[in-house]
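1. Show me the folded form of this:
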Amino acid sequence: MNQLSKSSANTEIKAYFSEVLRLASNNEEFPVNLDEVYPLVYPRKDHAVRGLKSDFIEGEDFIIQNPDYQVFPKNEENKKTGRSTEAYYLSVPCLEYLIAK
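-> Here you go, the predicted structure:
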C-alpha cells in the first residue's frame, strides 16, 4: 500500500481504505501501517506516535514491531548506525478513531 497525504487523490484514499477493509475482513488484527496514514492527520510521525501512545492501548489498538538488524562497526558489513525504526500497526477501529479525531 502507498503512503497517503492530505494531497492524495480521492481515488487513492478510497482504494487504500478498501484494501484495509479487505484485510480486516480476512481477520488480520492490525492491518494498517502507521507510516502509510499518519500524514492524513499529523505533520510528523513522532506526533502521531505520541498521540497513539497516549490515547490507545498497545496490544489492543496497535502493536509495535522492531525490525531485526545488526550493526557491525568494525567489519563495515552494515554501515547502519543509530537506533532501529519501530513499525506501528493499527487495528481498523484505531485507524477510524485516529482519522476522525
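
2. separation between the nearest residue to Val32 once chain neighbours are set aside and Ala9?
-> Leaving aside its chain neighbours, Val32 sits nearest to Leu90 (4.2 Å; criterion: CB to CB, 6 or more residues apart in numbering). All C-beta spots, glycine's among them, are computed from the backbone N, C-alpha and C. As defined by CB to CB, to the nearest Å, Leu90 lies at a distance of 22 Å from Ala9.

3. Then Tyr16?
-> Distance from Tyr16 to Ala9, by CB to CB: 11 Å.

4. Pull the contacting residues for Tyr38.
-> When contacts are counted by CB atoms under 8 Å, 6 or more residues apart in numbering, Tyr38 touches 45, 47-48.

5. let's go with 7 Å and repeat that
-> By CB atoms under 7 Å, 6 or more residues apart in numbering, the contact set of Tyr38 is 45, 48.

6. and if you look at the one 4 residues further on?
-> By CB under 7 Å, 6+ apart, the residues touching Tyr42 are Ala48.

7. How about the most centrally placed residue in the chain: what's its closest non-neighbour residue?
-> Nearest to the geometric centre of the chain sits Leu34, at 1.6 Å (CA atoms, centre = their mean). Nearest residue to Leu34, sequence neighbours excluded (CB to CB, 6+ apart): Tyr88, at 3.8 Å.

8. which one's the longest helix in this structure?
-> Ranked by residue count, the top helix of the chain under DSSP state H comes out as helix 10-25.

9. Mind listing what's buried along that helix?
-> 16-17, 20, 23-24 (16 or more other CB atoms under 10 Å).
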